[in-house]
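K.L.:
I would like the atomic coordinates for the input below:
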Amino acid sequence: MPSVRVEFFGVPRHQIGVTAIDVEPKTMVLGDVLSATAAALPEFAQHCLDGSQLKPGLLANINGHRFTTDIATSLCHHDSVLILSSDVGGH
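P.N.:
Got it, this is the predicted structure:
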């Protein structure tokens, strides 16, 4: 089955207490990756999700190249999704 690595940085990492997890989503879209992560880590659902969306102030970064909150974002097998606060690194 296809897998995606989900990594946590900053506040999400502190709240969840986990650095990273590999998940096997139903389909290769961000929304299913978030759902699979929530199923494996209830703390993630509690602290980082508002329904099926990331809570306001959080972003997903795909492979270190693009930021998104769009749950319809397509992913590929072995992609890396970083969950972080939208203010990380800003002034």
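K.L.:
From here on, just use CA atoms for contacts and neighbour counts.
P.N.:
Will do.
K.L.:
Report the spatially nearest residue to Leu30, omitting neighbours in sequence.
P.N.:
Ile71 (4.8 Å; C-alpha to C-alpha, 6 or more residues apart in numbering).
K.L.:
just how off-centre is the helix or strand hosting Leu82 within its chain?
P.N.:
Using DSSP states H and E, Leu82 maps to strand 80-85. Distance of strand 80-85 from the chain centroid (C-alpha atoms, centre = their mean, to the nearest Å) equals 5 Å.
K.L.:
neighbouring contacts of that strand?
P.N.:
By C-alpha atoms under 8 Å, 6 or more residues apart in numbering, the residues outside strand 80-85 that reach it are 4-12, 57-64.
K.L.:
Could you list the paired strands of it along with their orientation?
P.N.:
Applying DSSP bridges, strand 80-85 is found paired with strand 4-8 (parallel), strand 58-62 (antiparallel).
K.L.:
Now the element after the last one, going C-ward?
P.N.:
So the one you mean is strand 58-62. From strand 58-62 onward toward the C-terminus, using DSSP H and E, the following helix or strand is strand 66-68.
K.L.:
I'd like the average pLDDT over that next one.
P.N.:
The average pLDDT within strand 66-68 is 95.
K.L.:
And that strand, what does it pack against?
P.N.:
Strand 66-68 sits against strand 58-62, with contacts defined as 3 or more C-alpha pairs under 8 Å, 6 or more residues apart in numbering; DSSP states H and E.
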